[in-house]
Each structure stands twice: as C-alpha cells, then as structure tokens.
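Visitor: turn this into a model:
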Amino acid sequence: MEMLRAFWKSPIGPKTTHFWGPVFNWSLPIAAFVDTKKPPEMISVNMTAVMCGYSALFMRFAWMVQPRNLHLLVCHAANETVQLYQLSRWINAQQNSQKKDETETLNSNKDGQ
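Guide: Residues are numbered from 1 along each chain as shown. Sure thing, here's the model as predicted:
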C-alpha cells in the first residue's frame, strides 16, 4: 500500500501531466500499428514523415525534462519504430510499383516490334 501511496504523490504520478500525457499519447503508436494491416498505397508519406520527426523531437524532450519522463520516452520510441516501419512499407511499395511499370513498358516495347 505504501508503494501505491508513494506513486500517487510522486512527481510522475497520476496527479500530473507527466503521467497522463504519455497515457493518452499511446493512441498514436497503437493507431499506427493497426494501420500496418492496411495496404501500403494508403500510407500518407508526408504525415508519416512528420510523425517520425515529432516522435524524435519528443523523445529528446522526454529525456531532458525534469523529472525525466521515461514513460513518454518509451511511448515516442514505440511510435518512431512503427512510423519508420510504415515509411519502409511505403518506400517498398513505390519501388515495386516502379519496377512493375518498367517491366510493363519493356514488355509493350517487345510486343510492338
């Protein structure tokens, strides 16, 4: 019971934004994880890149703020990981699409001769 009381009164406990900010922020990596099931053509590369920058910036903030907010750091590290995975899916889809277009162009040129 004493441990719960200490957590309640701590500078990173549930009476502070150091606790509730990361709790609600977990919706970002969870949503990105759910989106991994969608086709890569639906990925917004601009938004994904912005989310990568945002998470990188706030990882540094979570490390530098006093008291250090490890919960927020882990949340943004998870988001950075999932967003980078989404970005890699988009890049792979673009490369595959480009290769497919090149193959179709090459095949249509052979048929025309």
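Visitor: tell me the spacing between residue 35 and residue 23.
Guide: 21 Å (C-beta to C-beta, to the nearest Å). All C-beta spots, glycine's among them, are computed from the backbone N, C-alpha and C.
Visitor: who's more crowded, these two?
Guide: Taking other C-beta atoms under 10 Å, residue 35 and residue 23 do not tie; residue 35 has more neighbours (17 against 12).
Visitor: can you verify my assumption that the more buried one contacts residue 85?
Guide: No. The pair residue 35 / residue 85 is not scored as a contact, 10.1 Å apart, by C-beta atoms under 8 Å.
Visitor: and residue 106, how many residues sit next to it?
Guide: 10.
Visitor: tell me the pLDDT at residue 38?
Guide: Residue 38 is assigned 95 on the pLDDT scale.
Visitor: what about it, neighbour count?
Guide: Counted with other C-beta under 10 Å, residue 38 comes out at 11.
Visitor: helix/strand/coil for it?
Guide: coil (DSSP: H, G, I helix; E, B strand; the rest coil).
Visitor: so, low pLDDT: which residues of the protein?
Guide: Residue ranges of the chain with pLDDT under 70: 111-113.
Visitor: at 90 what do you get?
Guide: 1, 4, 6-7, 9-13, 16-18, 21, 66-67, 97-113 (pLDDT under 90).
Visitor: I'd like to know which elements the helix or strand residue 107 falls within is packed against.
Guide: Following DSSP states H and E, one finds residue 107 within helix 70-112. Helix 70-112 is packed against helix 17-25, helix 27-35, helix 45-64, with contacts defined by 3 or more C-beta pairs under 8 Å, 6 or more residues apart in numbering; DSSP states H and E.
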